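Q: Based on what follows, work out the 3D shape:
(2 chains)
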Amino acid sequence: MSIRIALLEDDTSQSDLVRLWLTAAGHKCHVFSRGQDFMRALQRETFDLLMIDWMIPDITGIEVLNWMTANLATPTPVLFVTARDSEEDIVMALNAGADDYLVKPLRKLELLARIAALARRGRPGAKQDSLTIGEFSIDPARHTITRHGDAVELTQKDFDLAVFLFRNRGKLLSRGHILESVWGRSANVNTRTVDTHVSRLRGKLGLTPENGWKLSAVYQHGYRLEHLREIDPAPDPGGGPAAI
Amino acid sequence: MEDDRVVIRIDSEIRELIPGFMENRRRELEILRADAMGRRFDAVRKLGHTLAGVGSSYGFDEISRIGRELERAASGAAPAGVAAPAGVTDAEVLAVQRLADELESYLRNVVLRYT
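A: Numbers count the residues shown, from 1 in each chain, chains lettered A, B, ... in the order given. As a prediction, the model looks like this:
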């Protein structure tokens, strides 16, 4: 499973190491060395998981958590990472909104395991699990999607996009997040590509209000897929978007 | 001297990061000495905190140990969250300088073996 992670860490040796570990594990890691830059990014971008260091020159990690609680509509899992290891420090971070706490020095396998555990909480099912939502049945392993039992032909990218959107229904997804998760970070495409594919998918799958679906563009941000007939909206147990 | 060498085994996966890591520590050593002389113990404590956090992650347990010692040595004169700490004593400056000497010696003598 590949997820998109934002790391707030001012020490370059630490951030270089974490980025290398995460990238080698297949994740995408965006590093921010200043709290203000990190918070600005969270206003325009979405991530699957956030890693936050306690001691940052321009702000503390606790202050960042407080800002997130007050300003972000969709909670994203937070792994707090710091060399502070007292019980009161750990309690303070968890009470401020962190989902987990890891004490430096970091150990690679433990870090990756905790990230995987947090990511699992934020998504409805395993990567290869089939999905049945309303009139749609999706089998990622076989690359098939049916609507009312009839197969819908999609290109590979349209199919990947559909899986990503259905798994993250109810959640706001930035164009950058969609692009990175569906096309990959190195893909030579721009965010307009996302708009084109979303528009095509909306038509092919009939994701319109009259069919009980809403695939809406959120101004200057991205897209959100909603199932209007879903009595109990998509579970979001403190979780950010789920990876495809 | 051959006897002073300390052999450390490092995961080959992070080999490309090691030159930058060592350069950062050498730069921090200079900053540490200047902060100790200038009796800026809040800066010393923060630098110790950084060293403690990063050393063992790369495999350099000794750097983490020195970092923790620095943090402890500086916390008496400049405890975290205290805006106007009491003055720094000569003994406290000396303790930090000794730890800086240990760090310098370690950086000079460490020999890396990639596994």
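
Q: where do the strands sit along chain A?
A: With DSSP state E, the ranges of strands along chain A come out as A:4-8, A:28-32, A:49-53, A:55-56, A:59-60, A:78-82, A:100-103, A:131-133, A:136-139, A:144-147, A:150-151, A:173-174, A:213-218, A:222-227.

Q: Which positions in stretch B:51-59 come out as buried?
A: B:Leu51, B:Ala52, B:Gly53, B:Val54, B:Gly55, B:Ser56, B:Ser57, B:Tyr58, B:Gly59 (16 or more other C-beta atoms under 10 Å in any protein chain shown). In short, each C-beta sits where N, CA and C put it, glycine included.

Q: Cross-check those residues against chain A and keep the overlap.
A: With C-beta under 8 Å from any C-beta of the partner chain as the criterion, those include B:Ala52, B:Gly53, B:Val54, B:Gly55, B:Ser56, B:Ser57, B:Tyr58 near chain A.

Q: Tell me who's in contact with the spatially most central residue of chain B.
A: For chain B, B:Gly67 is the residue whose C-alpha lies nearest the centre (C-alpha atoms, centre = their mean; 4.6 Å). Applying C-beta atoms under 8 Å, 6 or more residues apart in numbering or on different chains, one finds that B:Gly67 lies in contact with B:Leu47, B:Gly48, B:His49, B:Thr50, B:Leu51, B:Ala52, B:Gly53, B:Val54, B:Gly55.

Q: which secondary structure element contains it?
A: In this structure, B:Gly67 sits in helix B:61-75 according to DSSP states H and E.

Q: Let's test this: mean pLDDT of that helix, rounded?
A: For helix B:61-75, the per-residue pLDDT values average out at 95.

Q: again, but for stretch A:105-115
A: 96.

Q: Are it and chain B in contact anywhere?
A: Yes. Judged by C-beta under 8 Å from any C-beta, stretch A:105-115 and chain B are in contact via A:Pro105, A:Leu106, A:Arg107.

Q: Not counting sequence-adjacent ones, nearest residue to the second one?
A: If the residues on either side of it in the chain are set aside, A:Leu106 comes closest to B:Ser57, at 4.7 Å by C-beta to C-beta, 6 or more residues apart in numbering or on different chains.

Q: do the first one as well
A: Distances taken as C-beta to C-beta, 6+ apart place B:Ser56 nearest to A:Pro105, at 3.5 Å, with adjacent residues excluded.

Q: now A:Pro77
A: Closest residue in space to A:Pro77, ignoring its immediate chain neighbours: A:Leu118 at 4.3 Å, by C-beta to C-beta, 6+ apart.

Q: Report how many residues lie close to the one you found.
A: Using other C-beta atoms under 10 Å in any protein chain shown, A:Leu118 is surrounded by 24 other residues.

Q: From A:Leu165, how far off is it?
A: Taking C-beta to C-beta, to the nearest Å as the measure, A:Leu118 and A:Leu165 are separated by 22 Å.

Q: Repeat that for A:Arg175.
A: In this view, A:Arg175 and A:Leu165 are 13 Å apart by C-beta to C-beta.

Q: which residues do these two both contact?
A: Common neighbours of A:Arg175 and A:Leu165 are listed as A:Tyr223 (criterion: C-beta under 8 Å, 6+ apart).
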